[in-house]
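[1] Sequence plus predicted model, see below.
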Amino acid sequence: MNIHNNENDPFEDVFKDRFADFESEPDTQLWQKIEPKLPLDSTRKFPYWQTSAVVILLLLAGLWIYTEKGDDDVLTKSNKFQTKNLNQKTPNLNPLLSVSPQTTPKTNTLLLSVKTQTTKVGTQTTTRDNYSLITNPNTTIETSTVSLNEKEKNNSNKLNLFSVNNSNEKQERLNNNSVVSSVFSPLLPVSSQTSESEINDVKLSVKTQATTRESISILNKNVLITLDSKNYSLLKNYFKTPKLKFVIAPKKDDYFKERKPLEIYASVMPLLNYYTITPNGNDANYVHSIAVNNDENRLGFYTQAGAIFTLSDRFKLRTGLTFTKTNHSINYQIRTDSLIVQPSDKQGVDVSFEELKKTYSQSANYLGTKIEVQYIFLEGEALTHYLNVGLEGAYRLNGGKQFNGFANFAYGVTRRIGDNSYLFIEPTFSYSLNQQSDNNSFLLVKPNKIGFNIGVNFKIK
Amino acid sequence: MTNEQELVSACQNNDRKAQTAFYNLYKGKMMGICRRYTRTPDEAEDVYQEAFVKIFNNIKTLEKAGAVGAWVRKTVVNTAINYYHANLKFQQNTDHEDIIHSNDDYPNMLASLSNEELLTLINQLPDGYRMVFNLYVIDGYSHSEIGEMLGVSENTSKSQLSRAKELLRKQLKPLGIISYEHP
């Protein structure tokens, strides 16, 4: 106020008294003109429970992806086993073929049947494997089906049988339908076609037909579930406690104090494994036809939680714990020293090295820790853009002990979703610093990852 | 004042509801200031809009929420000064050398004039005079402060004030107010 007003002009005082707190009602339209010019309403207020719900959803999604993958793992494991069996059998079968190259029609059929048998062996081993996992009285069914199989092998109806035994549900249903239309049991027509149809078989089939096929699938599922929970209980415990209790209510006076914020974060990243594969050293001469098996699951996920320290206006330091679930499956061939002699045509024989087909599959869980530097290069009203570079060390939890280092590169965008909470999205590339190897050390694999990291930050200070 | 502080912190987060409440809280006072510092209601609205946009954009920088009233007032005054500077070249440079310096007769009828009537008198002052008159008489800035704010010397501020007052007195005459005594 005026300290200079010693002359105290009454004329001035009139105006001062009248206008010091003078108010004038503005046009009601003016707010409509001002409002669009105001800063973006980027902070639509999400209550904390809503933000927490987002985090929980993200974690659940991760868990869901994980369990989905878990089921697949068991399946692929059994398949792997089966293919391994196949692979091991082929070399044994091949010499058989090459040793008896007589061109009699009999051997020809033998050749054919052997060929089909290999595939048959596959399906049979799977059925057997599945049954052997079940420890209940249904073992009798196993023997019955197998005996049926063997009998029917002699029939001309082999294809039918295979499709019946095939685990593929579609074909199974088709078969069932076509068969049921004629007789009660799907197995009946096969056995009735044989002249000496045994009552035992019929009984068995009638008794079991309701249970076998339907219960097999159910039992299989049971087996899968028990396997799954057993193998990965560690992870489940890890996931059961999302660390949301650290969320602290904002203090009202925080706005007026200059301080370096501290944030905690949690995120989930679905990832795609992106391998670089090389043969191990001198094995390059023997190992060839390396291909990533795209039929197998290449997807995994990566989840992390930790703290973000503000270093300066532009730089932040992020550190935390990570959990990684990766899958990979790689097919390759190995040239062995054994020769295979095959009849190419009537003129002569072909000689070649025997090839082994191998598959290197791995489903690995890593627990790791990371430290990263974030460089904020663009800070807008609504979005903040940053680059993220860091290192990660991860220790493998399942299977062989293994340590993996990763260099992580990400570009991130953050958006404010609440008073003290931010949503961030980071396309991330994670480069593996060291290599993994299969049991035979034929391959060196770098399990690089590409993913889309989505998470939430909470400012706690 | 806690409510006001909460309102300010909500505005700092660009909460639209809080901004509306804040607007409604300050719109009367702000328009009052704008009307004093400008010539016409249209100009007042221009300054008023600009000031509010400025306030909401800069409210993040406000550290003492308790001082928000003074801060708002100062922001509006500064916006008005900026507006005055921006429109300096358009203003008519009226020469008021012919002002009669008469301190003799003050009828006591000045109090009978309404605020709007007095405001009209202020509005009709030449821009420079109006600025100084507002800043010094009503908003309580010293001549040196005014000199800094307007980019003129302290003496210019002083002389403009006395001329503004003389002009007002002159304009009061036709209204029948020849002299004034403090009640």
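    Yep, that arrived.

[2] Specify the residue ranges that define each domain of chain A.
    Here the domain parsing of chain A from automatic domain parsing is A:50-69+A:243-459, A:80-231.

[3] Would you single out the least confident of those?
    Among those, domain A:80-231 carries the lowest mean pLDDT, a mean of 43.

[4] my guess is B:Tyr26 meets B:Val72, correct?
    Yes - counting by CB atoms under 8 Å, B:Val72 is a contact partner of B:Tyr26 at 5.5 Å. Backbone N, C-alpha and C define where each C-beta goes, glycine included.

[5] Show me the residue at the heart of chain B, geometrically.
    Nearest to the mean C-alpha position of chain B, by CA atoms, centre = their mean, lies B:Tyr37 at 3.8 Å.

[6] Next one: it relative to A:Lys37, how far apart?
    Distance, B:Tyr37 to A:Lys37, by CB to CB, to the nearest Å: 21 Å.

[7] One more: A:Leu272?
    On the measure of CB to CB, A:Leu272 and A:Lys37 end up 44 Å apart.

[8] Check B:Ala80 too.
    B:Ala80 is 18 Å from A:Lys37, by CB to CB.

[9] quick one, which of these two is more surrounded?
    B:Ala80 (26 against 13; other CB atoms under 10 Å in any protein chain shown).

[10] Report the mean confidence score over the helix or strand containing that one.
    In the assignment (DSSP states H and E), B:Ala80 maps to helix B:68-86. What helix B:68-86 shows for mean pLDDT is 89.

[11] name the helices or strands packed onto it?
    Packing partners of helix B:68-86 (3 or more CB pairs under 8 Å, 6 or more residues apart in numbering or on different chains; DSSP states H and E): helix B:16-37, helix B:41-58, helix B:127-133, helix B:143-150.

[12] Need the residues that contact that helix.
    B:4, B:8, B:26, B:29-30, B:33-34, B:37-38, B:43, B:46-48, B:50-51, B:54-55, B:58, B:62, B:127-128, B:131, B:134-135, B:139, B:149-151 (CB atoms under 8 Å, 6 or more residues apart in numbering or on different chains).

[13] what residue ranges in chain B score low on pLDDT?
    Applying pLDDT under 70 to chain B picks out residues B:1-2, B:88-110, B:175-183.

[14] domain ranges for it?
    Using automatic domain parsing, the domain ranges for chain B come out as B:2-90, B:110-175.

[15] end-to-end on stretch A:396-407?
    17 Å (CA to CA, to the nearest Å).

[16] can you check stretch B:132-139 too?
    10 Å.

[17] starting at the chain centroid, how far to it?
    Distance, stretch centre to chain centre, for stretch B:132-139: 7 Å (CA atoms, centre = their mean, to the nearest Å).

[18] The stretch 301-450 of chain A against chain B: which residues are in contact?
    By CB under 8 Å from any CB of the partner chain, the residues of the stretch 301-450 of chain A that approach chain B are A:Glu381, A:Asp419.

[19] now with 10 Å?
    Neighbours of chain B within the stretch 301-450 of chain A, by CB under 10 Å from any CB of the partner chain: A:Glu381, A:Ala382, A:Arg416, A:Gly418, A:Asp419, A:Asn420.

[20] and which of those residues is nearest B:Ser157?
    Ranked by distance to B:Ser157 (CB to CB), those are led by A:Glu381 at 39.2 Å.

[21] Next one: that closest one from B:Gln12, what distance?
    To B:Gln12, A:Glu381 is 13 Å away according to CB to CB.

[22] Show me which of the two is the more surrounded one.
    Neighbours per residue (other CB under 10 Å) separate A:Glu381 from B:Gln12, with B:Gln12 holding more: 18 against 12.

[23] Surely the more buried one touches B:Ile55?
    No - B:Gln12 lies out of contact with B:Ile55 (CB atoms under 10 Å); the separation is 11.4 Å.

[24] so what's A:Gly451 up against?
    Contacts for A:Gly451 (CB atoms under 10 Å, 6 or more residues apart in numbering or on different chains) come out as A:268-274, A:299-302, A:324, A:408, A:410, A:426-430.

[25] That one - nearest residue in space that isn't next to it in sequence?
    Leaving aside its sequence neighbours, A:Gly451 sits nearest to A:Leu271 (CB to CB, 6 or more residues apart in numbering or on different chains; 3.4 Å).

[26] quick one, phi psi at that neighbour?
    Here is the backbone geometry of A:Leu271 (degrees, to the nearest 10): phi -130, psi 160.

[27] same check, this time on B:Gly140
    Backbone geometry at B:Gly140, expressed as degrees, to the nearest 10, gives phi 80, psi 20.

[28] before we move on, what about B:Leu62?
    Backbone geometry at B:Leu62, expressed as degrees, to the nearest 10, gives phi -70, psi 120.

[29] so it sits right up against B:Glu4, yeah?
    No - applying CB under 10 Å, one finds B:Leu62 not in contact with B:Glu4, separated by 11.5 Å.

[30] between those two, which one's more packed in?
    Neighbour totals were compared for B:Leu62 and B:Glu4, and B:Leu62 leads with 20 against 14 (other CB under 10 Å).

[31] so what's that one up against?
    Per CB under 10 Å, 6+ apart, neighbours of B:Leu62: A:Tyr255, A:Phe256, B:Val8, B:Ser9, B:Cys11, B:Gln12, B:Ile55, B:Val68, B:Trp71, B:Val72, B:Thr75.

[32] Buried among those residues? Make that a PyMOL selection.
    Per 16 or more other CB atoms under 10 Å in any protein chain shown, the buried members of those correspond to this PyMOL selection:
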select buried, (chain A and resi 255) or (chain B and resi 8+9+11+12+55+68+71+72+75)
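
[33] Could you pull out the buried residues of stretch B:10-29?
    Those would be B:10-16, B:18-19, B:22-23, B:25-27, B:29, for stretch B:10-29 by 16+ other CB under 10 Å.

[34] Go ahead and measure how far it is from the middle of the chain.
    From the chain centre to the centre of stretch B:10-29 is a distance of 22 Å (CA atoms, centre = their mean).
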